[in-house]
Structures are given as C-alpha cells and as structure tokens.
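Visitor: no sequence on this one, just coordinates:
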C-alpha cells in the first residue's frame, strides 16, 4: 500500500504537493474550457439550425451563464470556508456532467435552458473563478501569485480542443459532442477532485513546502477547536476596509472593459477595421494565446513587487492598447499585433489577480467568502459592458465612441490602484487581527 500521508508530505518525486493541485486546476479547467466556456460556441449554429431558433435564444443562455456565476459565486465561497473543497469540486463535476448529457438529449427550448442552467451551476464550483484560487491561496504564500497564474492557464490549453469540437460535430453531430464531454467531466474531473486537499497543515506541511514549525506536532494533536485559524481578517472586518471597495471597483471597471472588448472584438475588426471574419477570429485567438503571458507573468510579479503597481500597469496597458486602435492606421492583421500584445497581457493578468491580491489584502481566514463576493460585482459589470457597447454601436454606426469610453474607464482605474494600502500596512493589519483572536 502507498503511504498517502507520506506522499502528500513530499510528493512522489519530492515535489511539494501544492503543485499537484495546480496541475489538477489546469487539467480541470482545460476540460471545462473546451466543453463549455470556449468550446460551446462551436455548437451555437448547429443547435439553432436543429430547432430553427433565433440567435437571441442562445445569446440569452450565455448572458444567463454570466448572471448565474455572479449570483452563485458568493455561495461557492461560503461553502469553501466551511466544507471540503474536494467534495465541492466532485459534486460540481457530477452536476455539470449530468447537465451535458441532459443537454445532449434536449428536445426544445425548456429543456435547453434547464440543462444549460444545470451545467452552469456545476461549472461555478469547478471553474477557476473562486474555487481553485481559494485552495491555492492556502497552499502557497511566497509563490501564491505564480501558482495562481499557472493554475488559471487551462483555457489556453483548451483552445486547441475547440477545433476538435468542430470535427466531431461535423462527423457525428452536436449531440455527440455534448455526450462526450459529459462522460469526460463525470470521469476525468471527478478523478482530478481526488487530488484536492484543503490545507497543508493537517498533513504536517506549511505553505510553499516550508519545514514544519516546532509546534506543528502539538498543533496536529490538538482538538480542532484549539487549532489556529488561517491568518487574516474576518468577513465583517474585510467589508469595513476601503481596500475591499476600491478593489471591487477596480475589478468591475477592468472586467467591464475586458468583457465589452471580447464580446465585440470580431465584429469590430470586421466592420470598423475591414478584416474578414476569418482574420478577425485570428486576432482574437492571438489575444487569447498572448494572455498566457499575463496569467503567469502577472502572478509572478504579484509575488515580488507592490501589488498596487501591478494593478496600475495592467489598467494602463489595457487603455493604451485601445488607444492604439484609435490613433494608429490598422488595416492588416500584422498591424493589430501591438493591440493583441497589450490587451492580451493585461487581460491575462486579470485572471489570477482576484485570488492573489485578495489574499495579500485580507489573508486566508475568510478568503472563500471574500473571493465569492469579489466575483459578484465584476460579473455584473461584465454583463453590462457588452450590452452598452452594442447600444453605442447602434447609435453611431461604429465602435469609436464606445472605445473612447473604455479608454477613460481604464485610465480611472490607475489612480484607484494607487489609493489602496501598501503591502506592509496590509500585513500589519492581518497580524493585529491574529493577535486579537
């Protein structure tokens, strides 16, 4: 028999166990990106043709997915602070897997929306929006940003699988794609959930794989009620800080810009710039691939420099990339590269930011509930952003006015970043809370 406890202490090859959890996050989100977040777009037209629906039906389902994520995320955070993350991921995968298979059997609009909601409920518990960043924030401290950045790269690996979706759909139909992913989620993601451990301390470990403290054996033997809680502020204390509200506003502003641009990127490059639909899709793919630099690099920088500087630079890059489109002569795919680089990196940095910065600001004591609440307002802004950009296009016949508005929002996020407390002040606040407990 394998000594599971010993394996978790050092990993089978002497690797800190927290990195296995990072790999599990990448794999789980690769599957969900290919099946749902990115890959479902391949099935939109086939499903419309099968039932003779208008485009608004599928669009409404997509908007419902965003709205549901904003509503469910606080509940996911609450559950993570009180129950096993492994069980949450396991049952979320089961729910989504059943939803995929049920959607494959759909016969009309009622069952379509029903099973789409079921998939979305499960996805909220498996995605890297809240669940995985919370777990990783407990396993890492010095390398928290890098670990979180790596953990959210699943969509980059899921992108090539979208091409496979098209081939399967053409050969066997859209229902076969849904059945296949339903089985993969039920088997693959549930198995990945078995790798999850909530915290390192019960296994004689400390974050980042540091040697156990001298008192570790005493703490392991103590009753659960006597063990130290995770260092950090209570939820009530978090909600009373200016940093919580400043960071919520920052995330809402940047998410509104990001969702608006992503939602209208292809029609913008077609109608305002003059690229073909295929080349516009290439530009969007470039942005997504380049976002990998931001996902990993942004997390790495958060471990090493003042988080406020990272936030300000991200907002600046986002605004400057959009400004480039307004002032430069962009008529070819090659001319879009400065935009793709600036926007891709800044968009990528936003993905691990909520978990990494939230842990820096408030510690890990109530991190599940904090990240769940922090997800709500940005998701709402993410729903509104594309709608407002579409309305402005309808009024003006182009996207220019909307893009100028997004540049202004990006610029406003820079001073907002610098108004937050320094890392040293935040660390002192967390220490005071721990002493008073």
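Guide: Yes, it's here. What you are looking at is a predicted structure, and each value in this text was computed from that prediction instead of being measured.
Visitor: drop to CA atoms for contacts and neighbour counts, all remaining ones
Guide: Will do.
Visitor: what comes up buried for the longest helix along the chain?
Guide: Scanning the chain for the helix with the most residues, using DSSP state H, yields helix 367-396. By neighbour count on 16 or more other Cα atoms under 10 Å, the buried set for helix 367-396 is 367-386, 389-390, 392-393.
Visitor: likewise stretch 302-317?
Guide: Those would be 302, 303, 307, 308, 310, 311, 312, 313, 314, 315, 316, 317, for stretch 302-317 by 16+ other Cα under 10 Å.
Visitor: look up the closest residue to the first one, ignoring the ones flanking it.
Guide: In this structure, residue 302 finds its nearest non-sequential neighbour in residue 145, 5.5 Å apart by Cα to Cα, 6 or more residues apart in numbering.
Visitor: tell me, how many residues neighbour that neighbour?
Guide: When neighbours are counted by other Cα atoms under 10 Å, residue 145 registers 31.
Visitor: do the same with residue 191
Guide: Residue 191: 15 neighbours (other Cα under 10 Å).
Visitor: cool, and residue 39?
Guide: 24.
Visitor: cool, and residue 357?
Guide: Neighbour tally, residue 357, other Cα under 10 Å: 21.
Visitor: same deal with residue 49?
Guide: Using other Cα under 10 Å: residue 49 sits among 10 other residues.
Visitor: repeat for residue 86
Guide: Using other Cα under 10 Å: residue 86 sits among 20 other residues.
Visitor: what's near enough to touch it?
Guide: 193, 194, 195, 196, 197, 198 (Cα atoms under 8 Å, 6 or more residues apart in numbering).
Visitor: so among these, where is pLDDT lowest?
Guide: Lowest pLDDT among these: residue 198, with 88.
Visitor: thought that one was touching residue 84?
Guide: Yes. Applying Cα atoms under 8 Å as the test, residue 198 and residue 84 come out as touching, 6.6 Å apart.
Visitor: more neighbours, these two?
Guide: A side-by-side neighbour count of residue 198 and residue 84, using other Cα under 10 Å, places residue 198 first with 18 against 15.
Visitor: OK, contacts around residue 125?
Guide: Residue 125 neighbours (Cα under 8 Å, 6+ apart): 73, 76, 88, 89, 92, 93, 131.
Visitor: so it belongs to a helix, correct?
Guide: Yes. Per DSSP: H, G, I helix; E, B strand; the rest coil, residue 125 lies within a helix segment.
Visitor: quick one, grab the pLDDT at it.
Guide: pLDDT for residue 125: 87.
Visitor: distance of it relative to residue 136?
Guide: 15 Å (Cα to Cα, to the nearest Å).
Visitor: avg pLDDT for the helix or strand harbouring residue 76?
Guide: Here residue 76 sits within helix 55-82, counting by DSSP states H and E. Averaging pLDDT along helix 55-82 yields 73.
Visitor: tell me the buried residues in the host helix or strand of residue 121?
Guide: According to DSSP H and E, residue 121 maps onto helix 109-126. Across helix 109-126, burial judged by 16+ other Cα under 10 Å covers 112-113, 115-126.
Visitor: chain center to that helix: distance?
Guide: Chain-centre distance of helix 109-126: 18 Å, with Cα atoms, centre = their mean, to the nearest Å.
Visitor: next secondary structure after the worst-scoring helix or strand of the chain on mean pLDDT?
Guide: Sorting the helices and strands of the chain by mean pLDDT, DSSP states H and E puts helix 216-221 at the bottom, at a mean of 44. Of the helices and strands lying after helix 216-221 in sequence (DSSP H and E), the nearest is helix 235-239.
Visitor: quick one: residues in contact with that following helix.
Guide: By Cα under 8 Å, 6+ apart, helix 235-239 touches 244, 245, 362, 366, 369, 370.
Visitor: greatest separation within the contacts of residue 125: which pair is it?
Guide: 73 and 93 (15.6 Å; Cα to Cα).
Visitor: neighbour count: those two, which is higher?
Guide: residue 93 (33 against 26).
Visitor: name the nearest residue to the residue most central in space within the chain, ignoring sequence neighbours.
Guide: Nearest residue to the geometric centre of the chain (Cα atoms, centre = their mean): residue 129, 3.7 Å. Leaving aside its sequence neighbours, residue 129 sits nearest to residue 375 (Cα to Cα, 6+ apart; 7.4 Å).
Visitor: please tell me I have it right and that neighbour contacts residue 131.
Guide: No. With contact defined as Cα under 8 Å, residue 375 and residue 131 do not form a contacting pair (11.3 Å).
Visitor: which residues touch the residue nearest to residue 129?
Guide: So residue 375 contacts 70, 73, 74, 129, 130 (Cα under 8 Å, 6+ apart).
Visitor: and the residues you listed as a markdown table, adding distance to residue 239?
Guide: Shown next, in a markdown table, are those (distance: Cα to Cα, whole Å):
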| residue | distance to residue 239 |
| --- | --- |
| 70 | 18 |
| 73 | 17 |
| 74 | 14 |
| 129 | 20 |
| 130 | 18 |
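Visitor: and of these, the nearest to residue 290?
Guide: residue 129 (19.7 Å).
Visitor: phi, psi of that closest one?
Guide: Main-chain dihedrals, residue 129, degrees, to the nearest 10: phi -70, psi -50.
Visitor: coming back round to it: could you check how far the residue nearest to the centre of the chain is from residue 181?
Guide: Computed as Cα to Cα, the residue 129 to residue 181 distance reads 21 Å.
Visitor: ok, residue 398 next?
Guide: Distance from residue 398 to residue 181, by Cα to Cα: 38 Å.
Visitor: could you do residue 349 as well?
Guide: 29 Å.
Visitor: which one's more surrounded, those two?
Guide: residue 349 (28 against 23).
Visitor: not counting sequence-adjacent ones, nearest residue to that one?
Guide: residue 294 (4.4 Å).
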